[in-house]
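Chemist: what's the 3D shape of this:
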Amino acid sequence: MAFGEGPTMLELVDESGTTIGTAEKLSAHVPPGRLHRAFSVFLFDDAGALLLQRRAWTKYHSPGVWSNSCCGHPFPGEPPAEAAARRVREELGVTPHLLRPAGTVRYTHPDPASGLVEREYNHLFTGLVRTPPRPDPEEIAEVRFAAPDEVVREAGEGDFSAWFGTVLDAARPAIRQFLGDDAGW
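Modeler: Numbering: from 1, shown residues only. The predicted structure is shown next:
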């Protein structure tokens, strides 16, 4: 079966990130959640502003909230870096430049709006975007670039995905290395 045919399957992992099986996407998010592989991408413009996306209002999970540039789940057996680049192209209509690993983080975050749970072993990536995004409206309601102080202020006010603060904090050392300390991240 080719990627994308039939139900969307996720790769289940143990606490160390070793694959232990698969599960259908929605079932992995039903409380208490099953630990599965995911990725989060942080794309910046050349001035160091972060590309944020507002998730489409029609998403079954965390609709209408702001989040990092792109996030998702690799197909079983798909390397996380390949999945991240693929989803950036599919969701944002751009090819990321200098996409680099930025560590991993494991977390459990309930989504109060949907009642679902994000229980993820998340691979983090940083990169640049140098062409205007062309978001897929079924995935993304809107996009914008934000400076570090804007992101910190607005994320503290809410209206962001439950996982955003966790993945941003985990990626900060790699973001600083990628953009330089003077970028403000």
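
Chemist: and the strands in this structure, which stretches?
Modeler: According to DSSP state E, the chain carries its strands in the segments 9-13, 19-24, 36-44, 50-55, 66-67, 70-72, 97-110, 117-128, 140-146.

Chemist: just these: most buried one?
Modeler: Stretch with highest mean neighbour count among these: strand 36-44 (a mean of 26; mean count of other CB atoms under 10 Å). Bear in mind the C-beta positions are built from the backbone N, C-alpha and C, glycine included.

Chemist: run the chain-centre distance for it.
Modeler: Distance of strand 36-44 from its chain centroid, counting by CA atoms, centre = their mean, to the nearest Å, is 4 Å.

Chemist: who does that strand touch, helix- and strand-wise?
Modeler: With contacts taken as 3 or more CB pairs under 8 Å, 6 or more residues apart in numbering; DSSP states H and E, strand 36-44 sits against strand 9-13, strand 50-55, strand 70-72, helix 80-92, strand 117-128, helix 164-179.

Chemist: dump the second one to PDB, restricted to CA.
Modeler: This points to strand 50-55. Output in PDB follows, covering the C-alpha atoms of strand 50-55 (Å, rounded to 0.1, in the frame of the first residue of the first chain):
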ATOM      1  CA  LEU A  50       9.200  32.600  12.700                       C
ATOM      2  CA  LEU A  51       6.600  31.400  10.200                       C
ATOM      3  CA  LEU A  52       3.500  30.600  12.300                       C
ATOM      4  CA  GLN A  53       0.400  28.800  11.000                       C
ATOM      5  CA  ARG A  54      -3.200  29.000  12.200                       C
ATOM      6  CA  ARG A  55      -4.500  25.500  11.900                       C
END
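
Chemist: between it and helix 164-179, what angle do the directions make?
Modeler: Angle between the axes of strand 50-55 and helix 164-179 is 150 degrees (criterion: axes from the mean of the first three to the mean of the last three CA atoms, to 10 degrees).

Chemist: can you give me the angle strand 50-55 makes with strand 140-146?
Modeler: 160 degrees.

Chemist: got it, and the first one?
Modeler: Orientation check (the same axes, to 10 degrees): strand 9-13 against strand 140-146 gives 50 degrees.

Chemist: if you count contacts, what does strand 9-13 end up packed against?
Modeler: Packing contacts for strand 9-13, counted by 3+ CB pairs under 8 Å, 6+ apart, involve strand 19-24, helix 25-29, strand 36-44.

Chemist: can you tell which of those is closest to Ala146?
Modeler: Evaluated over the helices and strands packed on strand 9-13, closeness to Ala146 peaks at strand 36-44, with 10.2 Å, by CB to CB.
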